[in-house]
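Colleague: pasting the sequence and the predicted model now:
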2 protein chains.
Amino acid sequence: MISFFRSTLSFLWIRNILCPFLLFGTFPMHYLFAQTSIVSLQAYDSLAGKILTTALGQNQAINVLQELCAIGPRLSGSPQADRAVEWALEKMRALGFQNVHTEPVEIPHWVRGLKEEGFYYIDGSKKKNRIHITALGGSIRTSKEGLKAEIVEVQSWEELAALGDSVKGKIVFLNRPMDRSLISSGRAYGRAVDQRSKGAIEAANCGAIGVLVRSMTTRLDDMPHTGQMNYADSVARIPAASISTNDAEVLSRFIHEGKKISVSLKLSCDTLPAVESANVMGEIVGSEKPDEIVLIGAHLDSWDKGQGAHDDGAGCIHAIESLRLIKELGLRPKRTIRAVLFMNEENGLQGGLNYASRECRGERHIVAIESDAGGFSPRGFSISDSSAFAKLAKYASVFSSIGADNFRIGGSGSDIHPLVETGVPGVGLIVDGQKYFDYHHSDNDTIDKVHERELALGAAVIAIISFIIAQEGL
Amino acid sequence: MISFFRSTLSFLWIRNILCPFLLFGTFPMHYLFAQTSIVSLQAYDSLAGKILTTALGQNQAINVLQELCAIGPRLSGSPQADRAVEWALEKMRALGFQNVHTEPVEIPHWVRGLKEEGFYYIDGSKKKNRIHITALGGSIRTSKEGLKAEIVEVQSWEELAALGDSVKGKIVFLNRPMDRSLISSGRAYGRAVDQRSKGAIEAANCGAIGVLVRSMTTRLDDMPHTGQMNYADSVARIPAASISTNDAEVLSRFIHEGKKISVSLKLSCDTLPAVESANVMGEIVGSEKPDEIVLIGAHLDSWDKGQGAHDDGAGCIHAIESLRLIKELGLRPKRTIRAVLFMNEENGLQGGLNYASRECRGERHIVAIESDAGGFSPRGFSISDSSAFAKLAKYASVFSSIGADNFRIGGSGSDIHPLVETGVPGVGLIVDGQKYFDYHHSDNDTIDKVHERELALGAAVIAIISFIIAQEGL
């Protein structure tokens, strides 16, 4: 299992650190108004209008998301993830997609278990004060009796290093908040998530016996947010949990008042043997160039919190609904448009890695589009390379009626990243992400946080861009 | 009281029909990249960054809205509206604004009373089935025993006219839904709200004894939405209520199945004698041209539903917070920036009318800006005349980092409309309005529906545009 995880570590770093920065970053907008046939622009304007009207008028997207969310959260290896695979297969068949099938993926199987408990104690008192914690994905469990130690608060790796041996036998409390003053919440996430990703490694390196990470959100509330953490072979594995932002503020205040704070943790999580799961795909076969593929991707798995409604249930529904809209309007794409729901983005990326390494079968992917930023109002697209950007930006005006004409160069998506690494242009849906980290990886990520019209608009703009690429190439 | 209302009828029509269409319309974006000093654009880019960072980082807007919402809904003439006037006065003084004062406004005083009850009966059965209704603002009450009659469903005035005398003695059920297929929810509102505005007049003209109007929302739920209705002197006044969209669907289904549906209504609303209330204002006096005014307006009153959080608590906080941000950063505007919280936008517009007709006092308003579309993510500005648009659009790029660079020609705001009618350029904040009519004029309009970061961004962009105009003129 160790090497299994290590092989994907570089991808995890890209996913956790680089992609959010690129996806949510605030690059200046560069519109390229290169020469484009006015006739084709007008035709696509008209087509966009029809797709948008149909998406909003039929209002199907939210119903499909309701079905998916009813299954529950879909952590890799869970019975719910298995049911989601079956559901997606049936849904794509029922909607009349072509070549609907699954492709097997071996995935890690981490489970949370039933016990998660955290308390703090002030100045050696035995009085238990509850804190809201949750194990980070991939963490080892504590012993049955739990772990109890003084906590040491730091906000940076430099601070941690400066503490030296004094950290030994303690729990490191990583409490650098997401910077709420940044316009891009994704950028704020990108600048804080290293605490979650490598906190256990760095803390263990200093002799700590556990790590407690401030939840990745700008919101102050009682909700702990989970997410992937990593171990390194060279250092001890220590239990790692996140703590709600409200609790993090309380502990920090006590520490700054000079009080000694101890924390006890009980975690029952575990990594079980790898299991087999699947990517699910279906398509509309191209009428002229069926072997040229326009891929629309999202990830079917989620963390075991809430319902994975925004992350990434919304993306799955964007993929399914965009194909449905194209079929509903009787459009015949020249190239094949394929929806792929990837398994295991959250803790392994095995679905995306598998897809990128599958035999080519005479196919050529001309673009990979991903929606993995939530079901909010669409604002535009982030495009992985300058050549594809130049070609697509010519069509930005088609998206101006809904304010989704922000086309820029940047990251695309985690699941499609392995494919993009092979040279396929990647396109990521940009949405209005101010609320995203209120919900992300927490029990807050439920369907009532998704707005039916915003979700439908996301599906519509993906239908429009994928159809334009299917007709015009890239 | 009749002439009192009639004098404002033309403004109410503009507010209900024209403004939402203009404000939320989906005109193609026209950016004018006329020659502008690169130095001043760069300076404003830098300034915008500071204002945005401060607004998000200090995160004050949501706390101020919390204070206002804690007062409760602020219907004109209510004790809560009086308390809101006092609160605004104190808040502006506490924040160190200059020339903080109120100006008296005589306003209508409609009250809902305690009794609101609706039932339907199928095919003459005496079995009561509850429906969710609420009196429309301005409606007369029913008798104590209530009103009971068969309902006649229509979706258009033509259908109503065609029914002729058969409507006599019945309740007209106006059930034309807001068109959910339109991208702009405001445009959908604009195309449906005539049912609420003139439904009682048209129905009474045909001899109906009451009118029931489908709530103005694309959402299907059990929540009735209120809003202003009107009477005409030439026809009888009949009770008017809105019905939730779910109930409207149920009644319509029965009618289409050929069933006779009667409805009973009890309403205890009443119009009391006019009372005195006030507009509240405060300012930062200009350092060079103190008599030239950049007005930032919003309305302090709301309907007596929810907390008036989006409509228009958010706008009030935009006005207050934008001045606070300018002060906080030590900026010295050349011209005076004045926040005006108008009273009685919802059912009379007396605050706006009063302000426009006050003596000029040697002042000249160079622009009137209004925020009355909710506390959602800002997207740009709708500008009332082409000359002001041409001058302001040069600065659109300053707003591109947050995607609020959609500058277009269109309506501005209801409160400032009387001022705009006198020749002052009007500017309305455009926001992402997909959710707005879920909340508008209903018990859903509460502070938990307002997102702290989206609210703060709205205040920041108003601070930026008002400061630019204060420096550059218009």
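Modeller: Looks like it arrived, so ask away.

Colleague: any idea how far A:Ser184 is from B:Asp82?
Modeller: Noted for A:Ser184: a distance of 42 Å to B:Asp82, by C-beta to C-beta, to the nearest Å. C-beta here means a position set from N, CA and C on the backbone, and glycine is covered the same way.

Colleague: looking at those two, which is more packed in?
Modeller: Higher neighbour count among A:Ser184 and B:Asp82: A:Ser184, with 20 against 17, using other C-beta atoms under 10 Å in any protein chain shown.

Colleague: right, and the more buried one touches A:Gly433 too?
Modeller: Yes - assessed by C-beta atoms under 8 Å, A:Ser184 is found in contact with A:Gly433 at 7.3 Å.

Colleague: and stretch A:370-388, what's its mean pLDDT?
Modeller: For stretch A:370-388, mean pLDDT rounds to 97.

Colleague: what sits against the closest residue in space to A:Glu153 that isn't next to it in sequence?
Modeller: Counting by C-beta to C-beta, 6 or more residues apart in numbering or on different chains, A:Phe173 is the residue found nearest to A:Glu153 once chain neighbours are left out, at 4.5 Å. Shown in contact with A:Phe173 (C-beta atoms under 8 Å, 6 or more residues apart in numbering or on different chains): A:151-154, A:211-212, A:214, A:243, A:248, A:251-252, A:263.

Colleague: wait, is A:Thr266 part of a strand?
Modeller: One correction, residue A:266 is Lys, not Thr. Yes - according to DSSP: H, G, I helix; E, B strand; the rest coil, A:Lys266 belongs to a strand.

Colleague: beta-bridge partners for it, please?
Modeller: A:Lys266 has these beta-bridge partners by DSSP bridges: A:Glu117.

Colleague: A:Val427 now?
Modeller: A:Ile369, A:Ile383.

Colleague: what sits against A:Gln195?
Modeller: With C-beta under 8 Å, 6+ apart, A:Gln195 has these contacts: A:174, A:176, A:213-214.

Colleague: just the ones in strands from the contacts of A:Phe173, please.
Modeller: If you go by DSSP state E, the contacts of A:Phe173 have A:151-154, A:211-212, A:214, A:243, A:263 in strands.

Colleague: TSV for the residues you listed, including neighbour count and pLDDT?
Modeller: What follows is those, written out as TSV (neighbours: other C-beta atoms under 10 Å in any protein chain shown; pLDDT from 0 to 100):
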residue	neighbour count	pLDDT
A:Ile151	23	98
A:Val152	21	98
A:Glu153	19	98
A:Val154	22	98
A:Val211	28	98
A:Leu212	30	98
A:Arg214	28	98
A:Ile243	28	98
A:Val263	26	98
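
Colleague: which of these lies closest to B:Ile122?
Modeller: Ranked by distance to B:Ile122 (C-beta to C-beta), the ones in strands among the contacts of A:Phe173 are led by A:Ile243 at 56.3 Å.

Colleague: distance of the closest one relative to chain B?
Modeller: Separation of A:Ile243 from chain B (C-beta to the nearest C-beta, to the nearest Å): 21 Å.

Colleague: correct me, but that residue touches A:Gly210?
Modeller: No - taking contacts as C-beta under 8 Å, A:Ile243 lies outside contact range of A:Gly210: 11.6 Å.

Colleague: how close does the nearest residue to A:Ile317 once chain neighbours are set aside get to A:Lys449?
Modeller: Nearest residue to A:Ile317 in three dimensions, chain neighbours excluded: A:Leu65, at 4.5 Å (C-beta to C-beta, 6+ apart). With the distance defined as C-beta to C-beta, A:Leu65 ends up 11 Å from A:Lys449.

Colleague: likewise for A:Thr422?
Modeller: On the measure of C-beta to C-beta, A:Thr422 and A:Lys449 end up 35 Å apart.

Colleague: ditto for A:Val172
Modeller: The separation that A:Val172 has from A:Lys449, given C-beta to C-beta, amounts to 32 Å.

Colleague: with A:Asp432 instead?
Modeller: For A:Asp432, the distance to A:Lys449 - C-beta to C-beta - is 13 Å.

Colleague: who has more neighbours out of those two?
Modeller: Between A:Asp432 and A:Lys449, counted using other C-beta under 10 Å, A:Asp432 has the larger neighbour count: 23 against 19.

Colleague: you'd agree the more buried one is up against A:Ala373?
Modeller: No - with contacts counted by C-beta under 8 Å, A:Asp432 stays clear of A:Ala373, the gap being 9.4 Å.

Colleague: so what's the nearest residue to A:Gly207 once chain neighbours are set aside up against?
Modeller: Leaving aside its chain neighbours, A:Gly207 sits nearest to A:Lys168 (3.6 Å; criterion: C-beta to C-beta, 6+ apart). For A:Lys168, the contact set (C-beta under 8 Å, 6+ apart) comprises A:206-208.

Colleague: with A:Asn246 instead?
Modeller: A:Asn246 neighbours (C-beta under 8 Å, 6+ apart): A:132, A:220-222.

Colleague: again, but for A:Glu454
Modeller: So A:Glu454 contacts A:375-378, A:431, B:434-435 (C-beta under 8 Å, 6+ apart).

Colleague: for it, helix, strand, or coil?
Modeller: helix.

Colleague: so for it, what's the pLDDT?
Modeller: 98.

Colleague: what do you get for A:Glu292?
Modeller: Value for A:Glu292, per-residue pLDDT: 98.

Colleague: show me which residues of chain A are close to chain B?
Modeller: A:26, A:28-29, A:52-54, A:56-57, A:59, A:179-183, A:185, A:218-219, A:377, A:379, A:400-403, A:405-406, A:432, A:434-435, A:438, A:451-454, A:457 (C-beta under 8 Å from any C-beta of the partner chain).

Colleague: thinking again about what came up before, most neighbours among the contacts of A:Asn246, please name it.
Modeller: A:His132 (18 neighbours).

Colleague: list phi and psi for A:Val111.
Modeller: Dihedral pair for A:Val111: phi -130, psi 150, per degrees, to the nearest 10.

Colleague: could you list the domains of chain A?
Modeller: Under the assignment automatic domain parsing, the domains of chain A span A:2-108+A:273-472, A:113-268.

Colleague: what's near enough to touch whatever residue of the stretch 1-150 of chain A ends up closest to chain B?
Modeller: For the stretch 1-150 of chain A and chain B, the shortest gap (C-beta to the nearest C-beta) falls at A:Gly57, measuring 3.2 Å. Going by C-beta under 8 Å, 6+ apart, A:Gly57 touches B:179-181.

Colleague: can you check the pLDDT for it?
Modeller: So A:Gly57 comes in at 98 (pLDDT).

Colleague: doesn't it belong to a helix?
Modeller: Yes - assessed with three-state DSSP, A:Gly57 lies in a helix.

Colleague: find the closest residue to chain B in the stretch 101-250 of chain A.
Modeller: Checked against chain B (C-beta to the nearest C-beta), the nearest residue in the stretch 101-250 of chain A is A:Ser181, 3.2 Å away.
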